[in-house]
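**Student:** Sequence below, structure please.
(one chain, ligands or ions: 2)
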Amino acid sequence: MAKDALRVLVTGAAGQIGYALVPMIARGAMLGPDQPVILHMLDIPPAAESLNGVKMELVDAAFPLLKGVLATTDAVEACTGVNVAVMVGGFPRKEGMERKDVMSKNVSIYKAQASALEKHAAANCKVLVVANPANTNALILKEFAPSIPEKNITCLTRLDHNRALGQISERLNVHVGSVKNVVIWGNHSSTQYPDVNHATVVTQGGEKSVRELVANDQWLNGEFITTVQQRGAAIIKARKLSSALSAASSACDHIRDWVLGTPKDTWVSMGVYSDGSYGVPPGLIYSFPVTCEKGEWSIVQGLKIDEFSRAKLDATANELVEEKTLAYSCLS
Ligand code: NAD
Ligand code: LMR
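**Tutor:** Ligands and ions are numbered 1, 2, ... in the order given. You can find the predicted model right below:
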């Protein structure tokens with residue numbers, strides 16, 4: 001029997017990530033090839049005409065899984081009944097800015113949209129915040145939507161995770177699909193810590209450690225980390241626009257694995273509400289290694305954290321504590 005359609009909200013849908021993301025959702029890349037969807041697209045009034053153009057294109061593309069499209073500038077209408085909310089609306093950074101430089105513009109959007117989601121989304125709606133500063137926007141959304149379970153509010157660090165897989169795959173000249181279990185710890189910012197200490201490559205002879213295969217700790221502890229940390233800035237420099245297709249694709253990966261489950265013996269990175277695991281202060285949205293089953297994520301426990309990693313986990317946590325204070329000062 002055909003499944004009932006799920007309602008997926010995309011905010012900022014007239015923007016560049018939105019334009020890449022909505023066709024991916026309509027093709028089943030987010031919720032599966034047998035899951036019909038109804039898209040709810042929200043943007044602000046100056047973008048209403050352009051948003052309507054995106055709606056026209058979605059109709060013209062005749063996607064078999066797409067059972068309806070709502071294009072609106074009304075947050076309440078957009079949030080009503082949604083099962084999944086992908087929060088992309090906001091302002092991207094430009095060359096030379098850090099992601100927290102867009103804080104004052106963006107956190108107030110997340111405070112305002114928290115209550116629309118809390119009051120009008122479907123029960124158990126899963127929320128993914130993409131707009132920067134992603135971790136802190138998600139935290140503000142959580143704090144101003146207290147009745148949404150904290151497990152349902154996450155932010156996107158899957159793009160960083162995928163970037164780390166990509167760098168290892170290029171370095172070893174192996175397919176990216178054979179590299180797994182990198183971890184992105186912390187903030188989606190230049191303090192994030194891409195950790196390969198537990199990463200492996202699946203070969204015909206079994207799994208081999210990335211550290212052994214690369215056999216160059218200087219690269220792994222230096223250039224690899226900075227390349228992943230600075231990849232967003234490198235894309236902005238090259239495109240004069242921030243990443244869009246990779247962000248959209250990673251947002252699909254995030255929700256797909258959360259809803260449908262992670263592959264066996266594989267974890268992914270998600271920005272989730274810290275419960276104090278790995279000595280990370282509780283009460284932050286922090287990127288951890290997680291596995292997902294039956295629509296629930298759990299932090300992978302028991303990974304060994306050496307001294308080098310400890311300092312990096314703490315530095316990115318400290319930045320998130322500072323960002324939280326800054327966010328509240330922008331809201332007051
Ligand atoms: P964009 O400027 O092309 O699009 C953003 C859209 O949001 C615009 O159409 C704008 O009108 C809309 N918008 C602004 N305020 C809104 C509001 N209150 N409600 C609804 N919509 C609103 O930007 P983009 O390139 O699509 O990037 C969007 C955000 O995602 C930026 O903050 C960017 O930095 C961030 N981003 C995050 C990641 C990640 O990995 N977490 C990756 C790439 C980009
Ligand atoms: C990215 O990582 O590509 C995005 O967060 C955009 C940015 O500002 O870096």
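**Student:** Could you report the pLDDT at Arg7?
**Tutor:** According to the per-residue confidence, Arg7 scores 98 in pLDDT.
**Student:** what residues are up against it?
**Tutor:** By Cβ atoms under 8 Å, 6 or more residues apart in numbering, the contact set of Arg7 is Val37, Ile38, His40, Gly81, Val82, Asn83, Val84, Ala122. Glycine gets a C-beta too; all of them are placed from N, C-alpha and C.
**Student:** so is the fourth one in a helix, a strand, or just coil?
**Tutor:** So the one you mean is Gly81. When classified by DSSP: H, G, I helix; E, B strand; the rest coil, Gly81 comes out as coil.
**Student:** Of the contacts of Arg7, just say which sits nearest to ligand 1.
**Tutor:** Comparing these against ligand 1 with Cβ to the nearest ligand atom picks out His40 as the nearest, at 11.6 Å.
**Student:** how about the strands in the stretch 201-332 of the chain?
**Tutor:** Remark: strands assigned in the stretch 201-332 of the chain by DSSP state E, counting those that start in this stretch are 206-209, 268-273, 285-293, 296-299.
**Student:** Would you reformat these as a markdown table and include distance to ligand 2 and mean pLDDT?
**Tutor:** Compiled in a markdown table, these are given as follows (distance: least, Cβ to the nearest ligand atom, whole Å; pLDDT from 0 to 100):
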| stretch | distance to ligand 2 | mean pLDDT |
| --- | --- | --- |
| strand 206-209 | 27 | 96 |
| strand 268-273 | 12 | 98 |
| strand 285-293 | 12 | 98 |
| strand 296-299 | 21 | 98 |
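**Student:** out of those strands, deepest packed?
**Tutor:** Comparing the strands of the stretch 201-332 of the chain on average neighbours per residue, with mean count of other Cβ atoms under 10 Å, the densest one is strand 268-273 at a mean of 26.
**Student:** Out of the strands of the stretch 201-332 of the chain, which is closest to ligand 1?
**Tutor:** Each of the strands of the stretch 201-332 of the chain has some distance to ligand 1 by Cβ to the nearest ligand atom; the shortest is strand 268-273, at 8.3 Å.
**Student:** circling back: hmm, which of the contacts of Arg7 are the buried ones?
**Tutor:** Among these, those classed as buried by neighbour count (16 or more other Cβ atoms under 10 Å) are Val37, Ile38, His40, Val82, Asn83, Val84.
**Student:** Please name the nearest non-neighbouring residue to the fifth one.
**Tutor:** Leaving aside its chain neighbours, Asn83 sits nearest to Leu6 (4.4 Å; criterion: Cβ to Cβ, 6 or more residues apart in numbering).
**Student:** Now do stretch 187-197, average pLDDT.
**Tutor:** Model confidence over stretch 187-197, given as mean pLDDT, is 98.
**Student:** what's near enough to touch Phe288?
**Tutor:** Contacts for Phe288 were tallied using Cβ under 8 Å, 6+ apart; they are Val183, Trp185, Ser269, Met270, Val272, Ser274, Ser277, Tyr278, Val280, Ile299, Val300.
**Student:** how about 6 Å then?
**Tutor:** Phe288 sits next to Val272, Ile299 when contact means Cβ atoms under 6 Å, 6 or more residues apart in numbering.
**Student:** Out of the strands of the stretch 201-332 of the chain, which is closest to Glu49?
**Tutor:** Each of the strands of the stretch 201-332 of the chain was checked against Glu49 via Cβ to Cβ, and the shortest separation belongs to strand 268-273, namely 33.1 Å.
**Student:** by contact count, what packs against that closest one?
**Tutor:** Under the contact criterion of 3 or more Cβ pairs under 6 Å, 6 or more residues apart in numbering; DSSP states H and E, the helices and strands touching strand 268-273 comprise strand 153-155, strand 285-293.
**Student:** In a markdown table: the ones you listed, plus distance to ligand 1.
**Tutor:** Compiled in a markdown table, these are given as follows (distance: least, Cβ to the nearest ligand atom, whole Å):
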| stretch | distance to ligand 1 |
| --- | --- |
| strand 153-155 | 7 |
| strand 285-293 | 10 |
